[in-house]
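Chemist: no FASTA, just this:
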């Protein structure tokens, strides 16, 4: 595991990471021995891709890959971050995935420590901002975007109860919200873990656990999906869902009477990232997929859902529902510390709060 990383937020502010700033450089191969697109496209092939992206995102994102490489069959195995992380670790000695697409960087850091990842520099990696990729000369993982904690509030349900809309983490611990909140379980959901990690790094461990004790009193249920609390809030099943920005914004676009709040203390966050899985037979099509995954077309699609991208290219914009300065919404975090602490934090969290988790499927 690498040494402590500087706060990404501070670095982002310096490098001007906001979507829409700058123009992409021409793509060049970043390493030798890369697959030939023509050869791969003309040869029937099959790859297995593990992902924690939302299903509707995957379907949209894959359109351009299928258009460019129709002879490559892409088998997607999709689940929440914690479940995908556990699956990859369990399969370490007999890997089933060819590559990882859109999994939390904190999970990939854990896998890097366990020697699960194969170094690979995808075509165009030189365009990726330094804060979004492994520091090795040939990176073991490459980020694509950032997602962040948001509070999704059903305005109708709050008005019925004559309650104010919470604006902060501190607000969520107020006694008037008892039994009104849903939040992702951090062991199964990347959104859950990035939120818990933000609290620990924001307050320090002792104060954070004291705060989470109070938050637990107000919890109706812990879900095994990061987007489910947003959907529950949108339907009125719960008045308040702790989720992530995109999921709440999507529900609002569908017409749900919700408000998407980014906590005033700063949103917890993590990075969606890609990696090649270490195995005996590495398929050239897996490398080709990773090349495509940071190319212009998918980056354009990522930008429809996320305001902070790993590559600055012409035409990027801040998606509807985000502030004009999304970086300022992020709290200062050390992702390497989050990865180091993950196992211990999840064990402590389960002992304290798992009694309110929904049954696992």
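Modeler: That came in fine, so what should we check first? Nothing here was measured: the structure is a model prediction, and the numbers come from that model. Numbering: from 1, shown residues only.
Chemist: was I right about residue 47 contacting residue 69?
Modeler: No. Using C-beta atoms under 8 Å, residue 47 makes no contact with residue 69, being 10.1 Å away. Every C-beta, even on glycine, is put in place using the N, C-alpha and C of the backbone.
Chemist: what is in contact with those two at once?
Modeler: residue 285 (C-beta atoms under 8 Å, 6 or more residues apart in numbering).
Chemist: lowest-scoring secondary structure element of this protein by mean pLDDT?
Modeler: Using mean pLDDT, DSSP states H and E, the weakest-scoring helix or strand in the chain turns out to be helix 8-15, at a mean of 40.
Chemist: ok, so what distance separates the closest residue to residue 92 other than its chain neighbours from residue 280?
Modeler: Leaving aside its chain neighbours, residue 92 sits nearest to residue 116 (5.6 Å; criterion: C-beta to C-beta, 6 or more residues apart in numbering). To residue 280, residue 116 is 14 Å away according to C-beta to C-beta, to the nearest Å.
Chemist: compare neighbour counts for these two and give me the winner.
Modeler: Taking neighbours as other C-beta atoms under 10 Å, residue 116 and residue 280 compare with residue 116 leading, 21 against 5.
Chemist: torsion angles phi and psi at that one?
Modeler: Backbone torsions of residue 116, given as degrees, to the nearest 10, read phi -90, psi -20.
Chemist: report the contact partners of it.
Modeler: Counting by C-beta under 8 Å, 6+ apart, residue 116 has contacts 88, 89, 92, 95, 277, 278.
Chemist: run a quick neighbour tally on residue 62.
Modeler: 18.
Chemist: let me redo that: residue 51
Modeler: Neighbours of residue 51 under the rule other C-beta under 10 Å: 23.
Chemist: so it is in contact with residue 104, correct?
Modeler: No. Contact between residue 51 and residue 104 fails when scored by C-beta under 8 Å: they sit 11.2 Å apart.
Chemist: what's the longest strand in the protein?
Modeler: In the chain, with assignment by DSSP state E, the single longest strand is strand 142-154.
Chemist: how about the helices in the stretch 1-150 of the chain?
Modeler: 8-15, 37-41, 55-68, 81-90, 105-113 (DSSP state H, counting those that start in this stretch).
Chemist: got it, and the stretch 201-350 of the chain?
Modeler: Using DSSP H, counting those that start in this stretch, helices in the stretch 201-350 of the chain cover 205-217, 228-235, 245-253, 284-293, 296-302, 335-353.
Chemist: out of the ones you listed, nearest to residue 312?
Modeler: Residue 312 lies closest to helix 296-302 among those, at 9.6 Å (C-beta to C-beta).
Chemist: where does the prediction get shaky in the protein?
Modeler: 1-44 (pLDDT under 70).
Chemist: same thing but 90
Modeler: 1-44, 312-328, 360-361 (pLDDT under 90).
Chemist: how about the nearest residue to the residue nearest the centre of it, chain neighbours excluded?
Modeler: With distances taken as C-alpha atoms, centre = their mean, the residue of the chain nearest its centroid is residue 272 (4.3 Å). The shortest distance from residue 272 to any non-neighbouring residue, by C-beta to C-beta, 6+ apart, is to residue 102 (4.5 Å).
Chemist: same check, this time on residue 95
Modeler: Counting by C-beta to C-beta, 6+ apart, the residue nearest residue 95 is residue 279, at 4.5 Å.
Chemist: number of nearby residues for that neighbour?
Modeler: Residues near residue 279, counting by other C-beta under 10 Å: 16.
Chemist: returning to what we had before: so what's the residue nearest to residue 272 up against?
Modeler: Neighbours of residue 102 in contact, by C-beta under 8 Å, 6+ apart: 51, 52, 53, 57, 58, 144, 272, 273, 274.
Chemist: that one and residue 71: what is the separation?
Modeler: When residue 102 is compared with residue 71 (using C-beta to C-beta), they lie 23 Å apart.
Chemist: related to what we said a few turns ago, how about the contacts of residue 116, which pair is most distant?
Modeler: Checking those with C-beta to C-beta, the most distant pair is 89 and 278, at 12.6 Å.
Chemist: which one's more surrounded, these two?
Modeler: Between residue 89 and residue 278, counted using other C-beta under 10 Å, the more crowded position is residue 278 (16 against 13).
Chemist: that one contacts residue 93, correct?
Modeler: No. Between residue 278 and residue 93 there is no contact under C-beta under 8 Å: 10.9 Å.
Chemist: related to what we said a few turns ago, what comes up buried for the longest strand of the chain?
Modeler: 142-154 (16 or more other C-beta atoms under 10 Å).
Chemist: so residue 183 makes contact with residue 241?
Modeler: Yes. Counting by C-beta under 8 Å, residue 183 touches residue 241, with 7.5 Å between them.
Chemist: shared neighbours of those two, which are they?
Modeler: Shared contacts of residue 183 and residue 241, counting by C-beta under 8 Å, 6+ apart, come down to residue 229.
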